[in-house]
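Chemist: sharing a model that was predicted from the sequence below.
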Amino acid sequence: MPTSMPSPSIRIPVELLTQASFSQFGTVIENPAHSNAPRSQRLPFNAVSANQGTALKFVDVTHMTDLYHVAPSKKPARAVMNMFVCAPRDLRPHEPAESMPSSWGDIDFDDDEDGNNKRELFDVGILERHPFTTQTFIPMGLSQFDRHTQYLVIVAPTLPASASKRHVDRPPPYPTPKINRKKSIKDIFARARPSPFTNEAAPPPSQFSRLHPSQRPKGPGLPDLKNLRAFIANGNQAVTYGAGTWHAPMAVIGDRPIDFVVVQFANDVAIEDCQEIVLKPDRSAEEGMVVMVDSDSSGKVLVKAGVGSVKAKL
């Protein structure tokens with residue numbers, strides 16, 4: 001049975017999925033020539049000629065990270081590739097509400113509706129994370145020009161462990177046990193500065209320092225619901241969640257299912273491969289965590305916040 005946590009009543013507007021807006025959570029994979037992001041924010045890339053000059057190869061578009069060596073069980077992981085066939089989600093009709101996400105301030109989006117547009121609501125009832133591996137979702141058979149089927153990418157930062165305990169009055173749900181072992185004399189003296197063995201004045205860099213912040217371990221904390229964000233992705237975009245990034249299961253919006261190839265590491269220890277949190281609205285909350293899905297007459301989801309939003313309100 002997954003752990004649960006109280007959820008405030010917050011409505012989240014949809015943002016455009018770009019590498020700049022998503023960088024703290026992972027990587028957006030797309031051909032830079034087809035990116036919807038402003039030219040100044042498009043993915044940096046190194047393109048090289050390939051296939052006897054008939055193709056361009058974009059190098060290192062994302063990085064797979066295997067952190068299972070720090071998992072409690074120490075059981076090694078293997079690279080796995082699965083396919084998820086994700087059906088379109090049921091959305092509920094729009095109902096006016098006063099609550100808005102703190103990350104966008106006290107903004108009222110209810111009075112900027114266009115008569116030709118439609119607003120529906122997606123309830124976020126569960127978040128999950130894969131604490132020791134990145135996870136890449138690659139859509140198949142979906143064109144970037146398909147206005148009738150897209151998908152939501154819903155993510156949240158991780159709270160510090162101390163803040164998690166304050167929020168739910170209990171320790172974090174998935175702590176990583178500390179392995180107690182006797183320290184040798186060499187271990188004890190190695191912590192001294194300057195080091196008696198190397199004469200270095202600074203401590204050695206962390207083994208995770210070479211990793212992008214989105215790829216580093218996030219700790220045992222709960223998701224930061226007040227800063228939950230929702231992005232809309234089209235058929236030419238794949239996405240990599242950084243190791244330990246809290247995210248909702250993939251949510252397809254539109255007319256038909258999307259087939260996703262999913263690439264990650266796994267060691268078959270359930271609690272180390274996937275951790276879940278069920279979001280239960282506070283007794284005083286009207287509805288919990290809700291993503292506002294605005295669409296035009298063709299069914300295309302509209303961007304209502306951040307870069308590329310249809311309308312900015314000051």
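Modeler: Arrived safely, thanks for sending. Numbers count the residues shown, from 1 in each chain.
Chemist: can we go C-alpha only for contacts and neighbour counts from here?
Modeler: OK.
Chemist: okay, and for this protein, where does confidence drop off?
Modeler: Applying pLDDT under 70 to the chain flags residues 1, 35-45, 98, 102-103, 105-115, 163-209, 307-314.
Chemist: spatially central, which residue of it would that be?
Modeler: Nearest to the mean C-alpha position of the chain, by Cα atoms, centre = their mean, lies Val155 at 3.9 Å.
Chemist: now the helix or strand in which it is found - C-alpha only, PDB.
Modeler: Element membership for Val155, per DSSP states H and E: strand 149-156. Only the C-alpha atoms of strand 149-156 are listed here, as PDB (Å, rounded to 0.1, in the frame of the first residue of the first chain):
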ATOM      1  CA  THR A 149      -3.300  14.000 -29.000                       C
ATOM      2  CA  GLN A 150      -0.600  15.300 -26.700                       C
ATOM      3  CA  TYR A 151       0.700  14.300 -23.200                       C
ATOM      4  CA  LEU A 152       1.200  16.000 -19.900                       C
ATOM      5  CA  VAL A 153       4.500  15.900 -18.000                       C
ATOM      6  CA  ILE A 154       3.800  16.600 -14.300                       C
ATOM      7  CA  VAL A 155       6.700  17.000 -11.900                       C
ATOM      8  CA  ALA A 156       7.600  18.300  -8.400                       C
END
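Chemist: return the distance of that strand from the chain's centre.
Modeler: 9 Å (Cα atoms, centre = their mean, to the nearest Å).
Chemist: just stretch 252-272 next, same as before
Modeler: 13 Å.
Chemist: quick one: secondary structure of Glu15?
Modeler: Classification of Glu15 by DSSP: H, G, I helix; E, B strand; the rest coil places it in strand.
Chemist: the residue nearest to it when sequence neighbours are not counted in helix, strand or coil?
Modeler: Once flanking residues are discounted, Glu15 sits nearest to Phe231: 4.6 Å by Cα to Cα, 6 or more residues apart in numbering. Following three-state DSSP, we place Phe231 in the strand state.
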